[in-house]
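In: predicted model follows, preceded by the sequence.
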Amino acid sequence: MKTITLQSDIYNDGGKPVVILHGLLGAARNWMAIAKRLGEEHEVHVLDLRNHGRSPWIEGMEYNVIAEDVAEYISCKGLINPTVVGHSMGGKAAMALALTNPEKVGRLLVADIAPVTYERSNRSSFLDYIESMSALDLADVSRRADADKLLTAAIPEREIRGFLLQNLIPDDNGFRWRCNLTALANGMEDIIGFPKTLLEKTYSRGPVLFLTGESSDYVKSEHRPVIRKTFPTARFASLKAAGHWLHADQPRSFITAVRQFISLS
């Protein structure tokens, strides 16, 4: 199992530490606005997970390995009892971290994901997105608007294209993807799954909150038994008028929820 050195953005060198883990095809920069607000009171570390953002590219998207990347980061930065916030894929990584390295996690906030395997037939859109991004001939792209136009037929939702195209960055030869699309496609079964061995463990060292989007179906009532078994202290809350990307749909409510969670005794 080979760990890597993760890149990060840090906001405010002081206060209670908060570690934020983004979702699939996201990056630290997507969380800038939220991290700045939380950084008014806390020391916020927003990580680029492996094969995303500025962090190294390497095969392997197993959550046990991703959790070790994060554990090593926390150790290297000397963070004590951080609140770990993870969204979607980052939420699964955060859960894996708490279950394998509980001493690294003071509080755990899981945003709109459960420790379960999602059926590919229902969650194939991310693989579809990756395939569409990989098929894009970047030689035809001289500006991001060109890529947006070329992706429209495959991905008609403008907001989703905008999110995905944040991964398209200029370089000396034009544009390139800043995420490792090949490794993500190869690791999709691990990404939509969750290690069964981890479900044999429990985390009860600190408070746990599962925060969902009111209109999202990623965390269902039938998921609660496995959540409560694995995270006995878990609480549940939802944000109104929010979907799976709840932090983007309702950023103010999301920030309030995180602040309140950190302040819990």
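Out: Okay, I see it.

In: for the stretch 1-150 of the chain, which segments are assigned as helices?
Out: With DSSP state H, counting those that start in this stretch as the criterion, the stretch 1-150 of the chain has helices at 32-38, 63-77, 89-100, 125-135, 144-151.

In: out of those helices, which comes closest to residue 217?
Out: helix 125-135 (13.1 Å; C-beta to C-beta). (Glycine included, C-beta is placed from N, CA and C.)

In: pLDDT below threshold where in the chain?
Out: For the chain, the stretches with pLDDT under 70 are 1, 120-124, 265.

In: can you list the domains in it?
Out: What automatic domain parsing lists as the domains of the chain is 7-117+193-263, 125-186.

In: please identify the most buried of those domains.
Out: Of all the domains of the chain, domain 7-117+193-263 carries the top mean neighbour count, a mean of 20, counting by mean count of other C-beta atoms under 10 Å.

In: how far does that domain stretch from one end to the other?
Out: With C-alpha to C-alpha, to the nearest Å as the measure, the ends of domain 7-117+193-263 fall 28 Å from one another.

In: what about it, distance to the chain center?
Out: Between the centre of domain 7-117+193-263 and the centre of its chain there are 7 Å (C-alpha atoms, centre = their mean, to the nearest Å).

In: stretch 2-10 too?
Out: 14 Å.

In: how much space between residue 150 and residue 128?
Out: As judged by C-beta to C-beta, to the nearest Å, residue 150 and residue 128 stand 15 Å apart.

In: please disregard the earlier target; I meant residue 260.
Out: Distance, residue 260 to residue 128, using C-beta to C-beta: 36 Å.

In: just residue 141 next, same as before
Out: On the measure of C-beta to C-beta, residue 141 and residue 128 end up 20 Å apart.

In: what does residue 165 give?
Out: With distances taken as C-beta to C-beta, residue 165 is found 15 Å from residue 128.

In: got it, and residue 250?
Out: 26 Å.

In: ok, residue 208 next?
Out: From residue 208 to residue 128 the distance is 32 Å (C-beta to C-beta).

In: stretch 94-113: end-to-end distance?
Out: Terminal residues of stretch 94-113 lie 11 Å apart, using C-alpha to C-alpha.

In: now do the same contact list for the residue nearest to residue 21 when sequence neighbours are not counted.
Out: Leaving out its chain neighbours, the residue that sits closest to residue 21 by C-beta to C-beta, 6 or more residues apart in numbering is residue 90, at 3.2 Å. By C-beta atoms under 8 Å, 6 or more residues apart in numbering, the residues touching residue 90 are 20-23, 26, 49, 111.

In: from these, which two are the most distant?
Out: Spatial extent of the contacts of residue 90 (C-beta to C-beta) is set by the pair 49 and 111 at 14.5 Å.

In: what bridges to residue 211?
Out: Bridge pairing for residue 211 (DSSP bridges) gives the partners residue 111, residue 237.

In: if I look at it, how far off is residue 201?
Out: 22 Å.

In: ditto for residue 73
Out: Following C-beta to C-beta, the distance that separates residue 73 from residue 201 is 21 Å.

In: residues in contact with residue 178?
Out: For residue 178, the contact set (C-beta under 8 Å, 6+ apart) comprises 27, 52-54, 167-169.

In: apply 6 Å and report the result again.
Out: By C-beta atoms under 6 Å, 6 or more residues apart in numbering, residue 178 lies in contact with 167, 169.

In: now residue 160: how far from residue 228?
Out: Looking at residue 160 against residue 228, where the rule is C-beta to C-beta, the gap reads 33 Å.

In: just residue 257 next, same as before
Out: 20 Å.

In: equivalent analysis for residue 201, please.
Out: Residue 201 is 14 Å from residue 228, where distance means C-beta to C-beta.

In: who does residue 47 form a beta bridge with?
Out: Beta-bridge partners, per DSSP bridges, of residue 47: residue 8, residue 21.

In: number the residues from 8 up from this point.
Out: Taking 8 as the first residue, the last one we looked at is residue 54.

In: I'd guessed it sits against residue 13; true?
Out: Yes. The pair residue 54 / residue 13 is scored as a contact, 5.0 Å apart, by C-beta atoms under 6 Å.
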